[in-house]
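> This is a predicted model, with the sequence first.
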Amino acid sequence: MTFSNQSIFGPVGLTVRNLSAMVAYYQQNIGLKLLDRSGNTANMGVEDRCLLTLNENPQASHPGRTTGLYHFAILLPSRAALARQLQHLMETRVPLQGAADHLVSEALYLADPEGNGIEIYRDRPREQWPHENGRLRMASDPLDFTGLMSERSLRESAWQGLPAGTAMGHVHLRVSDLSAAEAFYRTVLGMDLMLRFGQSASFLSFQGYHHHIGINTWESLGRPAAPAGSQGLSQVIIHVPDVELFSRIQAAAKLENKAAQPPDSNLTLHDPSGNKIVILPP
């Protein structure tokens, strides 16, 4: 069974109020390419790989304090690419909400015009990830902006958007009950728990990655799912490239009464906090 961040995620789906404005933002400020647009839907990505699907509903209401998206995370292929992205964000005066060195990665945080959280990051090589007592160690240390920006090349060409090799690295979700959500991702999806921060956040993954799914209750403890038709996350798509794992997820979902699809079809699941997770077969 082999995973890579190039193959785990299908496009993250967002419901937006103003499709044209959001397409312009993701093109001009983030650097995604408009792959196609039809009616009220736009698919955006890098090269021919779709990372984000925007569905317009002008009547969509703000979800308020509910479960849903904390952020989706765009993984860049190198530290130099992250430095070039930071330079572009500064040139276009896009405000950052934060930045951090997580020991396994370096990350920038911001939000789109409708409030959806975005992380843009690069991974350190796995052999550099720190461990303590046999467990992966992560932190939120200050980002070394000087060191990062020193990665820029004097021969850089004009910014042309996100580079080849960019992928959707992980998705971080707001949940109402950490234990229940953690149990779903471990028991039904078969993910491994990589790290837990107290009783408020957990990070889970396939095959030892630092996290493919993050969950937290920082602003959503005990809160309901967003009403149908709200702005924000509509679904997370996970592509399972392994037949054995897909079969195990099917069986676990059936045992939990979470899916009624026939064999070999997509599995549409909802975690205990109402976040929609679509599992695609190999």
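Ah, there it is.
> Please report the distance of the residue nearest to A81 when sequence neighbours are not counted from L76.
Closest residue in space to A81, ignoring its immediate chain neighbours: P163 at 5.2 Å, by CB to CB, 6 or more residues apart in numbering. For the C-beta atoms, the positions are set from N, CA and C on the backbone; glycine is no exception. Counting by CB to CB, to the nearest Å, the gap between P163 and L76 amounts to 7 Å.
> Just the buried positions in stretch 212-230, please.
Within stretch 212-230, the residues that count as buried by 16 or more other CB atoms under 10 Å are H212, I213, G214, I215, N216, T217, S220, L221, R223, A225, A226, S230.
> could the residues you listed go into TSV alongside distance to E256?
Output for the buried residues of stretch 212-230, formatted as TSV (distance: CB to CB, whole Å):
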residue	distance to E256
H212	20
I213	17
G214	22
I215	17
N216	22
T217	21
S220	22
L221	23
R223	22
A225	17
A226	22
S230	25
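> In those residues, find the pair that's most separated.
With distances taken as CB to CB, the most widely separated pair in those is H212 and S230, at 24.5 Å.
> buried stuff in stretch 12-25?
Within stretch 12-25, judged by 16+ other CB under 10 Å, the buried ones are V12, G13, L14, T15, V16, R17, L19, M22, V23, Y25.
> What is the neighbour count of the residue nearest to A81?
By the measure other CB atoms under 10 Å, the count of residues near P163 is 17.
> Then D192?
Quick note: D192 (other CB under 10 Å) scores 15 neighbours.
> now swap in L195 and tell me
For L195, using other CB under 10 Å, the count is 17.
> go on, the one 4 residues further on?
Other residues near Q199 come to 10 when the count uses other CB under 10 Å.
> N40 reaches N55, doesn't it?
Yes. The pair N40 / N55 is scored as a contact, 6.2 Å apart, by CB atoms under 8 Å.
> The two: who's more crowded?
N55 (16 against 13).
> what element comes up after whatever helix or strand the more buried one lives in heading to the C-terminus?
Here N55 sits within strand 49-56, counting by DSSP states H and E. Using DSSP H and E, the helix or strand that follows strand 49-56 towards the C-terminus is strand 68-76.
> Pairing partners for that next one, with directions?
Taking DSSP bridges as the criterion, strand 68-76 forms sheet pairs with strand 117-123 (parallel), strand 167-174 (antiparallel).
> after the shortest one, next one along is what?
Same thing as strand 117-123. strand 131-132.
> where's that next one relative to the chain centroid, distance-wise?
25 Å (CA atoms, centre = their mean, to the nearest Å).
> okay but the residue nearest to A81 is in contact with L82, surely?
No. Counting by CB under 8 Å, P163 sits too far from L82 to count as a contact (10.3 Å).
> ok, so what distance separates E256 from E56?
Taken as CB to CB, the span from E256 to E56 is 33 Å.
> same check, this time on P113
Following CB to CB, the distance that separates P113 from E56 is 13 Å.
> Quote the end-to-end distance of stretch 133-145.
Its start and end residues considered, stretch 133-145 measures 30 Å (CA to CA, to the nearest Å).
> again, but for stretch 110-122
End-to-end distance (CA to CA), stretch 110-122: 15 Å.
> And that stretch, what's buried?
So for stretch 110-122, counting by 16+ other CB under 10 Å, buried means L110, D112, E114, N116, G117, I118, E119, I120, Y121, R122.
> Looking at these, which two lie furthest apart in space?
Maximum distance among those (CB to CB): 25.7 Å, for E114 and R122.
> What ranges does the stretch 151-282 of the chain have for its helices?
178-187, 243-255 (DSSP state H, counting those that start in this stretch).
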